[in-house]
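> whatever this is, show me its structure:
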Amino acid sequence: MTTPSAPLKVRPRIALVVEGHGEVHAVPRLLHRTLKHFNFDRHFEVVHDHGQGAVRAPGCGSIMAAHDPGAERGIEYWVNLAARVHRAHGVLVLVDADTHCPKTEGPALLKRAVAVRGDLCIGVVLASREYEAWILAGWTALRERGLLRASAKRVPQAMLEGLRDPKGKLCAMLEAGYSETKDQPVLTDHIPLTSAKSKVRSLRKWLDSVRDLCHCLRQRARGHSRDVKP
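The predicted structure is shown next:
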């Protein structure tokens, strides 16, 4: 955990951009948990605090596409929208990697976003391959709470990062089936932010990005400039 310094006079606001319907409310909960994990929860404001979910883009393609504000395409458009709608000081973008490589696509998207909104602190994370892989990393917690079928088998650690169809795998494991909008927010509460990060590199990237974003916001609030690492 990180021990923050003295509280800021104004709590910087963090907005989120996601692509899935369930993630609109699940990812703000994950961000709250992550801020608490780093002891930052009293120092930053997540726009979900006001009953607003994350800004949702219609699929990762609309975020990765070339910038076209008229067609509402490109990460530049979505970061601008989130910052404007929520009057945010920082924006964190989370999309499913699917078949894209997080190590190359993430930094490329971040570079594009910073090029048009250098006044903001920005982070970009690609969940590999889908957000549900992060939920599957919490297999033990799901099992302890009786949410899994008796026949559910743990996904081997080496397979989590490249697992095909994590949504289908999760649906087959859960006793009551799986609905993104209904279940994601609740299941998000069981993602273990300590042990899971060693199993899924993209989840570790999420933790690193949240920490770096918070450091950037604190520096800028004090009148110093600091770039968020890609």
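> mind listing what the spatially most central residue of the chain touches?
Residue closest to the average C-alpha location in the chain (C-alpha atoms, centre = their mean): Leu94, at 4.3 Å. Applying C-beta atoms under 8 Å, 6 or more residues apart in numbering, we find Leu94 in contact with 16-18, 23, 27, 125-127, 131, 206. For every residue, glycine as well, the C-beta is placed using N, CA and C.
> which of those residues fall in helices?
Under the assignment DSSP state H, the contacts of Leu94 contribute 23, 27, 131, 206 to helices.
> nearest to Thr181, of the residues you listed?
For the ones in helices among the contacts of Leu94, the closest approach to Thr181 (C-beta to C-beta) belongs to Glu23, at 9.5 Å.
> how about the strands of the chain, start to end?
13-18, 45-46, 55-56, 90-96, 121-127 (DSSP state E).
> mean pLDDT lowest for which of the ones you listed?
Note on the strands of the chain: strand 45-46 shows the lowest mean pLDDT, a mean of 91.
> so which elements touch the helix or strand bottoming out on mean pLDDT in the chain?
Here the helix or strand of the chain ranked lowest by mean pLDDT, DSSP states H and E is helix 157-160, holding a mean of 80. With contacts defined as 3 or more C-beta pairs under 8 Å, 6 or more residues apart in numbering; DSSP states H and E, helix 157-160 has no helix or strand neighbours.
> now do the contacts for the residue nearest to Gly90 when sequence neighbours are not counted.
Once flanking residues are discounted, Gly90 sits nearest to Cys121: 3.9 Å by C-beta to C-beta, 6 or more residues apart in numbering. Listed by C-beta under 8 Å, 6+ apart, the contact partners of Cys121 are 12, 89-91, 213, 216-217, 220, 228.
> one more pass at 7 Å, please.
Counting by C-beta atoms under 7 Å, 6 or more residues apart in numbering, Cys121 touches 89-90, 213, 216-217, 220, 228.
> equivalent analysis for Phe44, please.
Counted by C-beta under 7 Å, 6+ apart, Phe44 has contacts 11-12, 14, 35, 214, 217.
> looking at these, which one is closest to Asp68?
So of the contacts of Phe44, ranked by how close each gets to Asp68 (C-beta to C-beta), first place is Ile14, at 26.0 Å.
> so the closest one touches Leu92, yeah?
Yes. Assessed by C-beta atoms under 7 Å, Ile14 is found in contact with Leu92 at 6.2 Å.
> overlap in contacts of these two?
31, 213.
> coming back round to it: can you give me the buried ones in the least confident helix or strand of the chain?
Leu160 (16 or more other C-beta atoms under 10 Å).
> neighbouring contacts of that helix?
By C-beta under 7 Å, 6+ apart, helix 157-160 touches 133, 136-137, 199-200.
> how far is that helix from where the chain is centred?
Mean C-alpha position of helix 157-160 versus that of the full chain (C-alpha atoms, centre = their mean, to the nearest Å) differs by 20 Å.
> likewise for stretch 126-146?
Worked out by C-alpha atoms, centre = their mean, stretch 126-146 lies 14 Å from the chain centre.
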